[in-house]
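K.L.:
Here is the input, now give the coordinates:
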Amino acid sequence: MIINALGELTNPNVDDVIIDDRVLSEAKASGLTAVNITIGYTWGDFDPYTHTLRELDLWDGLIATHSDHLLQVRSAADLRRAHTEGRIGVIYGFQNAVAVDAERVPFFADRGVRVIQLTYNQANHLGGGSMAPENLGLTDLGHSTIAALNDHSLMVDLSHSGRQTCLQATRASRQPVSINHTGCRALTDLPRNKTDEELRLVADRGGFVGIYFMPFLALSGDARAADVVEHIVHAVDVCGEDAVGIGTDGPITTVDDLDAYRTRLAVQQAERADAGAGAAGELGALPFVVDLRGVDQFRQLVRLLEQRGFREERIAKIMGGNFLAYASRIWA
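P.N.:
Sure thing, here's the model as predicted:
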């Protein structure tokens, strides 16, 4: 099983959210079992709640239209079902809980949302993001929202959170929490990566850590497949082999025209910076690892881990087994 704890199921060569034949065929060809996609408000100048409802409706429709190929994941059993039936499991997740509070948690749970990331890079009403002041921790509303997420068996994802918010939220949660897409700050000292203290605390409490395929794995911003491997190795050393997986933060389908893409990306990165939504290390960097993308990305990672001496059982855990086990602990 290959379970991407945070990724995309779209075509990066078009602006709209489109599930076309290419996206479906390449996702299946990659061996992907399931992916946690980002739904709803992350950043931007529009109403977070309205936008989130619109995107939930959009993805409900996409999955219904492509039900032969896609399966909405509401439980760990659905992950196994997707694998058995040869469909792609789609996990609804938020990357910013700005539209969420304790009273809305039951509604979002009923709509099928299964992962709630507390903050994006900025601070919100729940806590501090990775680019917020270091001393900004979990708020009172953050505590009550985590309690509601626990009550409704939803994952508390601390990707993008600041250090204090991450540590406090991990301790406040009655259930194990996750950091679904991150790197290791001990290797690359950037705010989007997590300290060993954060990684270890999450793992010690039964949680999950996913390593991304992102530029933040190298100070140069030009991360390579070898960097992904090194961050996985470090995470396993800190967290143990039962807590680490992958959360690529990217699609299967590749960018066809990199020059045109760089032009569009520069505009978006400037807008993110102006809005305070960007992260240190992203300006001018491609949001993926250039030599670990496309249909063969997962098989290539497996080969690289084999070359590092990882045995088959450990690799299977990293590629999906550990997320499945974590989901089994959280989702009702």
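K.L.:
Quick one: list the elements packing against the strand or helix carrying residue 203.
P.N.:
Secondary structure assignment for residue 203, by DSSP states H and E: helix 196-204. Helices and strands touching helix 196-204, by 3 or more C-beta pairs under 8 Å, 6 or more residues apart in numbering; DSSP states H and E, are helix 163-172, strand 178-182, strand 208-211, helix 225-239. C-beta coordinates here come from the backbone N, C-alpha and C atoms, glycine included.
K.L.:
now the angle from it to helix 163-172?
P.N.:
20 degrees (axes from the mean of the first three to the mean of the last three C-alpha atoms, to 10 degrees).
K.L.:
Helix 196-204 - what's its average pLDDT?
P.N.:
Helix 196-204 carries an average pLDDT of 98.
K.L.:
Kindly export that helix (C-alpha atoms) in CSV.
P.N.:
The C-alpha trace of helix 196-204 is given here as CSV (Å, rounded to 0.1, in the frame of the first residue of the first chain):
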residue,chain,number,x,y,z
ASP,A,196,13.7,16.5,17.0
GLU,A,197,11.8,17.5,20.2
GLU,A,198,8.6,17.9,18.2
LEU,A,199,9.1,14.8,16.2
ARG,A,200,10.0,12.7,19.2
LEU,A,201,7.0,13.9,21.2
VAL,A,202,4.5,13.1,18.4
ALA,A,203,6.0,9.6,17.9
ASP,A,204,6.2,8.8,21.7
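K.L.:
Between the helices and strands packed on helix 196-204, which one is closest to residue 42.
P.N.:
strand 178-182 (12.9 Å; C-beta to C-beta).
K.L.:
Just list what that closest one packs against, helices and strands only.
P.N.:
strand 113-117, strand 155-157, helix 196-204, strand 208-211.
K.L.:
list the buried ones in that strand?
P.N.:
178, 179, 180, 181, 182 (16 or more other C-beta atoms under 10 Å).
K.L.:
returning to what we had before: which residues does the helix holding residue 203 contact?
P.N.:
158, 163, 166-167, 170-171, 176-179, 184-186, 208-209, 235, 238-240, 243 (C-beta atoms under 8 Å, 6 or more residues apart in numbering).
K.L.:
for the helix or strand containing residue 25, packing partners?
P.N.:
Using DSSP H and E, residue 25 sits in helix 21-30. With contacts defined as 3+ C-beta pairs under 8 Å, 6+ apart, the packing partners of helix 21-30 are strand 88-94, helix 297-307.
K.L.:
tell me the mean pLDDT over it?
P.N.:
96.
K.L.:
Now do the next helix or strand after it against strand 113-117, angle only.
P.N.:
Downstream of helix 21-30, the next assigned helix or strand under DSSP H and E is strand 34-38. With the same axes, to 10 degrees defining the directions, strand 34-38 sits at 60 degrees from strand 113-117.
K.L.:
In whichever helix or strand comes after strand 34-38, which residues are buried?
P.N.:
Sequence order places helix 48-65 as the next helix or strand after strand 34-38, per DSSP H and E. Using 16+ other C-beta under 10 Å as the test for burial, helix 48-65 gives 48, 51, 52, 53, 55, 56, 59, 62, 63.
K.L.:
what do you get for stretch 181-190?
P.N.:
Quick answer for stretch 181-190 (16+ other C-beta under 10 Å): 181, 182, 183, 184, 185, 186, 187, 188, 190.
K.L.:
Number of residues surrounding residue 45?
P.N.:
Per other C-beta atoms under 10 Å, the neighbour tally for residue 45 reads 6.
K.L.:
and the closest residue to it other than its chain neighbours, what does it touch?
P.N.:
Of all residues beyond its chain neighbours, the one nearest residue 45 is residue 275 (7.6 Å), with distances taken as C-beta to C-beta, 6 or more residues apart in numbering. Residues in contact with residue 275, defined by C-beta under 8 Å, 6+ apart, are 43, 44, 45.
K.L.:
Show me which of these is closest to residue 119.
P.N.:
Out of the contacts of residue 275, the member with the shortest distance to residue 119 (by C-beta to C-beta) is residue 43, at 11.1 Å.
K.L.:
For residue 121, see how far away the closest one is.
P.N.:
As for residue 43, its distance to residue 121 is 8 Å (criterion: C-beta to C-beta, to the nearest Å).
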